[in-house]
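Asker: give me coordinates for this.
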Amino acid sequence: MPDAPAPATSGTISVSLPDGSSRQLPSGASAADLARAIGPRLAKAAVAATVDGAPVDLDAPLPDGAVVAVLTADTPEGREVLRHSTAHVLAQAVCDLWPGAKYAIGPPIEDGFYYDFELPGGAHFSDDDLERIEARMREIVAENQAFAREEHSVAEGLELFADQPFKLEIIEGVDRAEGAGEGVVSAYRNTERFVDLCRGPHVPSTSRLGHFKLMKVAAAYWRGDEKRPQLQRIYGTAWESKQALAEHLHRLEEAERRDHRRLGLELDLFHFPPEIGSGLPVFHPKGGLIRKLMEDHSRAEHQAAGYQFVVTPHLSKSTLFETSGHLQWYAEGMYPPMEMEGARYYPKPMNCPMHILIYKARQRSYRELPLRLFELGTVYRFERSGVLNGLLRARGFTQDDSHIFCAREQLGDELVRLLAFVLRILRTYGLTEFEAELSTRPEKFVGDPADWDEATDALRQALEVTGLDYVVAEGEGAFYAPKIDVHVRDAIGRRWQVSTLQVDFQFPQRFDLEYVAADNQRKRPFMIHRALFGSIERFFAILLEHYAGALPVWLSPVQARVLPVSSEHEAYAERVVAHLEAEGFRIDVAEADESLGKRISRARQEKVPYWLVVGAEDEAAGTLGVSSRERTDPERGVPLDVFSARLAGEAVPGA
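Answerer: Residues are numbered from 1 along each chain as shown. Okay, here's the model as predicted:
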């Protein structure tokens, strides 16, 4: 049992720690005093604290009986404080270098921070400016400026930021997230010259910072609104140590090397023709073959798991999306309609309404449930140009979409079965690190809260039965259903959201779905939405980046390339190709019209898993010289049948 808080004595307070233990401190003691009392290591690493769950500065007095957690620089919460504080230093440096600059907001973000500015006279930052801004920031860090919290009335806040229009708008809008609560304006001052509107907390002084780098300049609209002023955004990253910063910068370099857009061009897999339009890719023969392999494997697995295949059109009358609610809740993400024969037609943004119509095409019996429908269905969503990102965020893409209709009493078992199926398929592609998010009812939703609660509980129980680590994302569900999002980590530690499961009682109600139960009563089914890859395109991109283009043998468009040493050995090379093709492998030959070294180099560049060098001795003995992406030392004299057996073991999904 955790220790009960010790009773405070006169002149002391008692606080509880996250581990359940308690500490007595002098009245008026701060979180910094608590950290020092626990030990010098914690005192050195501390950057802020939480008191009863609320973040505070280290020098904030602690109330008696509070639960206090000291935040250290190497935790996610501590890094957020570091990054927010570094953003303030960035704003101060810009204001020093460009007197009269207007500064807007500067929040911490994943792995870094940004700050938005409007420079005097319409000036613009260049990438070259980042170096001198960074130099001024390091001077501010070296000056050991304290972050001093101030609280003002609204009238005082308006006077304090009279020359900063963006801060005035925040104060007048009572934006608590930016430090403007009802009747109170909180700010942090570093020097007499610089003060920033902020709710905090911050590190005690600028000397606690320093492991940062400014990354790039970008354009950004104020409040993300195209009709508002266009500002200039400086992105940066900040970490708790020189080593952590270096590791992050290395990950960025590695991510650039693995960028699927670059690999798509280098490996001749796909591109985005401007003649077609932004966000609409075309796949070349090699990329198309990889897609086919993924889709064929998916179809086979779904068929074995009891799914039934369906096909639906690419567009529909508006009435379908009015019934589903998409035109009410999702219209901004849809392409505009086409007017034909007195009706309005929309390219479909989702497959689910059409799958519902398949279910509803005739009366259903409880004997048919669970009814699992599956489609590789292409959908169209009008993503803003600023968020398009190759195959990761496109405007036309194919979902491996399933909708499962089941009875209430089948829901729990079906969700457990679904999660196990999802994880097994993802492991087939070499992804092994999983996390999940359970997203609950948002502020704007349709349906009965009781149904939402039942669906959410079923998802939660499935996660717990499966043993998958998860966090709860409060209010992040879709307007019609709570959901589970499955995330994977790739080879360099990045987190990607892939599979989604949603338990939906709203669509069955909106479309008046029924089945005849064993007692001949008509009942409403539950509907589970499930996309395993998310989309073929996006999963394709994730795999390219995970493997840096060197896809597993079973997914490689060319599994082995035969390289005759000279033209005299091309006939034997063709016989090797014919033999391996007859075994079902994807093989090509690089004729001896270039040096062997150049052809080997090209095979490496194209990420071919194996290249097979054949010469006079191999022709006489029926052997191969075998080299691969993984080995630097070639094998000599490998019998053709031995290599064929090896390739067969690697050419199956999941090998």
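Asker: now the helices for the stretch 451-600 of the chain?
Answerer: Secondary structure of the stretch 451-600 of the chain by DSSP state H, counting those that start in this stretch: the helices cover 506-510, 536-546, 570-582, 596-605.
Asker: now the longest one: how far from the chain's centre is it?
Answerer: By that I understand helix 570-582. Centre-to-centre, helix 570-582 and its host chain are 44 Å apart (CA atoms, centre = their mean, to the nearest Å).
Asker: buried ones in it?
Answerer: Residues 570, 572-573, 576-577, 580 are the ones in helix 570-582 that count as buried (16 or more other CB atoms under 10 Å). Backbone N, C-alpha and C define where each C-beta goes, glycine included.
Asker: same question, the second one
Answerer: By 16+ other CB under 10 Å, the buried positions in helix 536-546 come out as 536-546.
Asker: which of the residues you listed lies closest to residue 435?
Answerer: In terms of CB to CB, no member of the buried residues of helix 536-546 lies closer to residue 435 than residue 542, at 14.7 Å.
Asker: my guess is the closest one meets residue 496, correct?
Answerer: Yes - taking CB atoms under 8 Å as the contact criterion, residue 542 and residue 496 are neighbours in contact, 5.2 Å apart.
Asker: give me the common contacts of these two.
Answerer: 488, 490 (CB atoms under 8 Å, 6 or more residues apart in numbering).
Asker: which residues in the stretch 551-655 of the chain form strands?
Answerer: Read by DSSP state E, counting those that start in this stretch, the stretch 551-655 of the chain holds these strands, from start to end of the chain: 560-564, 587-589, 610-614, 623-628, 635-639.
Asker: redo these as JSON lines? Include mean neighbour count, mean pLDDT and distance to residue 114.
Answerer: Converted to JSON lines, those look like this (neighbours: other CB atoms under 10 Å; pLDDT from 0 to 100; distance: least, CB to CB, whole Å):
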{"stretch": "strand 560-564", "mean neighbour count": "25", "mean pLDDT": "97", "distance to residue 114": "46"}
{"stretch": "strand 587-589", "mean neighbour count": "17", "mean pLDDT": "96", "distance to residue 114": "47"}
{"stretch": "strand 610-614", "mean neighbour count": "24", "mean pLDDT": "96", "distance to residue 114": "46"}
{"stretch": "strand 623-628", "mean neighbour count": "21", "mean pLDDT": "96", "distance to residue 114": "44"}
{"stretch": "strand 635-639", "mean neighbour count": "14", "mean pLDDT": "95", "distance to residue 114": "52"}
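Asker: and the closest residue in space to residue 241 that isn't next to it in sequence, what does it touch?
Answerer: Taking CB to CB, 6 or more residues apart in numbering as the measure, residue 241 lies nearest to residue 211, with 5.8 Å between them; neighbours along the chain are not counted. Residue 211 sits next to 238-242, 244-245 when contact means CB under 8 Å, 6+ apart.
Asker: could you rerun that using 10 Å?
Answerer: Applying CB atoms under 10 Å, 6 or more residues apart in numbering, we find residue 211 in contact with 73, 82, 86, 141, 237-246, 248.
Asker: can you list the strands that the helix or strand hosting residue 375 pairs with?
Answerer: For residue 375, the host element (DSSP states H and E) is strand 371-380. Applying DSSP bridges, strand 371-380 is found paired with strand 308-309 (parallel), strand 396-406 (antiparallel).
Asker: quick one: mean pLDDT over that strand.
Answerer: Here the mean pLDDT over strand 371-380 is 97, rounded to a whole number.
Asker: so how far is residue 162 from the residue lying closest to residue 165 once chain neighbours are set aside?
Answerer: For residue 165, the nearest residue in space outside its immediate sequence neighbours is residue 102; the separation is 6.3 Å by CB to CB, 6+ apart. Using CB to CB, to the nearest Å, residue 102 is found at 12 Å from residue 162.
Asker: between these two, which one's more packed in?
Answerer: Set side by side, residue 102 and residue 162 show unequal neighbour counts under other CB atoms under 10 Å, the larger going to residue 102 at 19 against 10.
Asker: what's near enough to touch that one?
Answerer: If you count contacts by CB under 10 Å, 6+ apart, residue 102 has them with 94-95, 116-120, 163-167, 229, 231.
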